[in-house]
Structures are given as C-alpha cells and as structure tokens.
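sequence below, structure please.
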Amino acid sequence: MKKSSPWFILLFPVAVPAMIVLDYFGYRIIACVILAALAVSFASYAWSLVGKFRSLRDGMTSLARALFDAGTWSIRHSPYHHTLSGTIGGHRLHYSLLGHDERALCQLFLEVPCERDFLIEAGAEPGALPDGFVAPDGFRSLRGLSRRVSLPGRLLSGLAGSGGPGLVLRKQIDEPFSPAALKRDVEMLLRLAGSPRAGEGR
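The predicted structure follows:
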C-alpha cells in the first residue's frame, strides 16, 4: 500500500490569495492556470483515496472469506481506522488497521476470558513474556483485558471491538491481508488464552 501525501493542500493558503491578487491586477490567465492546477491536484488526490479505500475493502473481504466463519463478518471504516469483525472457529475477532500506509499498525483483538490486566511491549525481557507467546514479525505490544473497557477508554487507546475482555495484539507489517499470518496470530492468542499463566511473568 503506497503512502499518499496531500502536499498540495499546503499550497491553498498561498495560492488562493495569489490568484485573487493576480486577477485584481489583470493577470487573469495566470490565475486561471493556477486554479486549474490546484483543481487537477485535488481531483487526483481524491481519486487516489477512492482507490485506496477499494483496495482496503477488497483485502479485508478476501481475508474474511478465507478465514472467518460464513455470515459472521462485517467491515467498518473511519478515516484512519478500518476494522474487520467476525467469528473464527467460534471466537469473536476484531482485526483493525490503524492507518492505511506502508507499515500500518495492525491490531488483533480476540474476545476471550483473561485473568488479569497486563501490557507487554516490544523489547521486553524474555522472562516477562507469558507462556505460549511467540512475538510475531513487527511486534509492538500485547495487552490483556480482564474486564470491559469503557467507550472513552476505547476511543483514547484506539481499541476496536466490544472493549473486552480479551487479548489485544499490535504489530506493524507490510502485508496486512495475509491469511496465513493472521491464522498463526489467532492460534497463538488462543493458546495464550488457554495458558493459566497468561499475563504473568515466568
């Protein structure tokens, strides 16, 4: 997924007054050329957003059809939060992309019972890792939620889904729509959920 940069938006505060001044002093043709360039730039950027939206939706749809139980999944979009929710093998999963550029932050929220709250971030000592946990590529954090998180708390933390309880895995990857990678992560989280020492250091 290529990164789109709306750099031309920064030109509007300068270009618009410049067009007014040019038109005032009789340089209407130059003002029209600048206006046309801005219009083309804006249309091009808008079209790139449409293409990106379609790509995201197609990727999530393909992922859902490959792994999720039929008839259980749905997709929701917001400007920088795209979430696929559904059931895999009877377990509720919310898979989110926080952003839509290269190395976007991915979040897996598996709704399972969790004994206690905990947070493990990248770079943690091996002894702090719970039994059954294998850090995936691009690992950022693993969070355990023993109780439901309030709506304000979910908004502040970027947590998609019902709010808990469950396990939340965050990572950064270049290929967020790989069924094999998502399946491995879900299986790892299920093993971790079944561990009596989940959330405790060794």
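
number of residues surrounding Val14?
9 (other C-beta atoms under 10 Å). From N, CA and C alone the C-beta is placed, and that goes for glycine too.

could you look up the SS state of it?
Assigned by DSSP: H, G, I helix; E, B strand; the rest coil, the conformation of Val14 is helix.

okay, and for this protein, where does confidence drop off?
Across the chain, the ranges flagged by pLDDT under 70 are 1-13, 79-80, 99-103, 126-128, 132, 156, 161, 194-202.

tell me the contacts of the residue positioned nearest the centre of it?
In the chain, the residue lying closest to the centroid (C-alpha atoms, centre = their mean) is Leu97, at 1.4 Å. Shown in contact with Leu97 (C-beta atoms under 8 Å, 6 or more residues apart in numbering): Leu56, His81, His82, Thr83, Ala104, Leu105, Cys106, Gln107, Pro176.

Glu175 now?
Ala181.

so which residues of the chain form helices?
With helices called from DSSP state H, the chain shows them at 12-24, 28-67, 151-157, 179-193.

now those helices as a markdown table including distance to Gln172?
Output for those, formatted as a markdown table (distance: least, C-beta to C-beta, whole Å):
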| stretch | distance to Gln172 |
| --- | --- |
| helix 12-24 | 32 |
| helix 28-67 | 16 |
| helix 151-157 | 17 |
| helix 179-193 | 12 |
